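A.B. asks: after the sequence you'll find the predicted model.
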Amino acid sequence: MATKEDVRKLAALARISIADAELEAFTSDFDSILSYVSQLDALELPKTGAVKPPVRNVMREDGEPHAPGKFTGKLVAQFPQRDGDYLEVKQIISHD
């Protein structure tokens with residue numbers, strides 16, 4: 001059974017805020033979800049290694065590639081912030 005502290009930790013990992021008044025409802029919902037997923041334990045699956053999937057190459061064949069830089073100009077022209085052929089984006093990962 002999930003506790004309010006479990007829900008708080010999950011909310012912190014998901015970077016969402018949950019009001020104390022909502023904790024009880026989320027705890028109940030979380031228990032319902034875990035109960036539903038636990039039904040997978042009832043499945044009877046073959047033992048590991050009993051079923052071997054066929055081995056095949058799922059990669060596409062290399063065809064005639066286009067010339068390097070063929071689309072670079074069109075892409076760079078549509079990007080709002082750029083430095084030459086480099087596209088500038090907002091930093092989302094910090095190295096603190």
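C.D. replies: Everything's here; your move.
A.B. asks: verify the stated contact: L87 with Q81.
C.D. replies: Yes - using Cβ atoms under 8 Å, L87 is in contact with Q81, at 7.2 Å. To be clear about C-beta, it is placed using only N, CA and C from the backbone, and glycine gets the same treatment.
A.B. asks: and the two? Which one has more around it.
C.D. replies: Relative neighbour count places L87 above the other of L87 and Q81, with 13 against 9, counting by other Cβ atoms under 10 Å.
A.B. asks: contacts only, for the more buried one.
C.D. replies: L87 makes contact with L75, V76, F79, Q81 under the criterion Cβ atoms under 8 Å, 6 or more residues apart in numbering.
A.B. asks: could you check the pLDDT of the residue minimising distance to the centre of the chain?
C.D. replies: What sits nearest the mean C-alpha location of the chain, by Cα atoms, centre = their mean, is A14, with 11.8 Å. The confidence metric pLDDT takes the value 93 at A14.
A.B. asks: what is the burial count for F26?
C.D. replies: 18.
A.B. asks: quick one: it is in a helix?
C.D. replies: Yes - counting by DSSP: H, G, I helix; E, B strand; the rest coil, F26 is found in a helix.
A.B. asks: ok, back up a step: let's see which of the contacts of L87 end up in strands.
C.D. replies: Residues of those located in strands (DSSP state E): none.
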